[in-house]
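> Here is my input, please return the structure:
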Amino acid sequence: MNIKPLEDRVILKPMEADEKTSGGIIIPDNAKEKPQKGEVIAVGPGKVSDKGQKITMTLKKGDKVLYGKYSGTEVTVDGTDYLIVRESDVLAIL
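Residues are numbered from 1 along each chain as shown. Model (predicted):
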């Protein structure tokens, strides 16, 4: 992958949506929800505060995370879908 996030942005690879419910019912494609889990592929260098201090990133490459349902920008690079979000849009590390 030849893409590098800037400032406090993170590139995520969304995990596939579940094909079945816990009860075994198969979910059709048009009824699947957007995935909210992803893997961190790349992390920016961090944001610079108003006082000129660099704020380090909490996330690192390889982390599995939960993010907001409608957050970020979807991009396709070399046929693979990614999501670019700010670190503050990430809700939790799994």
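
> pLDDT weak spots in this structure?
1, 17-22, 24, 26-35 (pLDDT under 70).

> again, only this time at 80
1-2, 16-35 (pLDDT under 80).

> what about the helices in it?
For the chain, applying DSSP state H gives no helices.

> any idea which residue sits dead centre in the protein?
Compute the mean C-alpha point of the chain, and by CA atoms, centre = their mean the closest residue is Leu12, 3.3 Å away.

> Show the contacting residues for the closest residue to that one other than its chain neighbours.
In space, not counting the residues next to it along the chain, Leu12 is nearest to Gly38; the distance is 3.7 Å by CB to CB, 6 or more residues apart in numbering. C-beta: built from backbone N, CA, C; applies to glycine. Contact analysis of Gly38 by CB atoms under 8 Å, 6 or more residues apart in numbering lists Leu12, Lys13, Pro14, Met15, Lys64, Val65, Tyr67, Leu83.

> Among those, which are located in strands?
Members of these lying in strands (criterion: DSSP state E): Leu12, Lys13, Pro14, Lys64, Val65, Tyr67, Leu83.

> and those residues, which two are the farthest apart?
Lys64 and Leu83 (13.7 Å; CB to CB).

> isn't Val85 right next to Pro14, touching?
No - between Val85 and Pro14 there is no contact under CB atoms under 8 Å: 10.6 Å.

> the more surrounded of those two?
Val85 (22 against 17; other CB atoms under 10 Å).

> Can you tell me how far the nearest residue to the more buried one once chain neighbours are set aside is from Glu87?
In space, and not counting its chain neighbours, Val85 is closest to Gly72: 3.6 Å by CB to CB, 6+ apart. Distance, Gly72 to Glu87, by CB to CB, to the nearest Å: 11 Å.

> hmm, back to that, name all residues that make contact with the residue nearest to Val85.
Counted by CB under 8 Å, 6+ apart, Gly72 has contacts Leu12, Leu83, Ile84, Val85, Arg86, Asp89.

> redo that, cut-off 7 Å
Leu83, Ile84, Val85, Asp89 (CB atoms under 7 Å, 6 or more residues apart in numbering).
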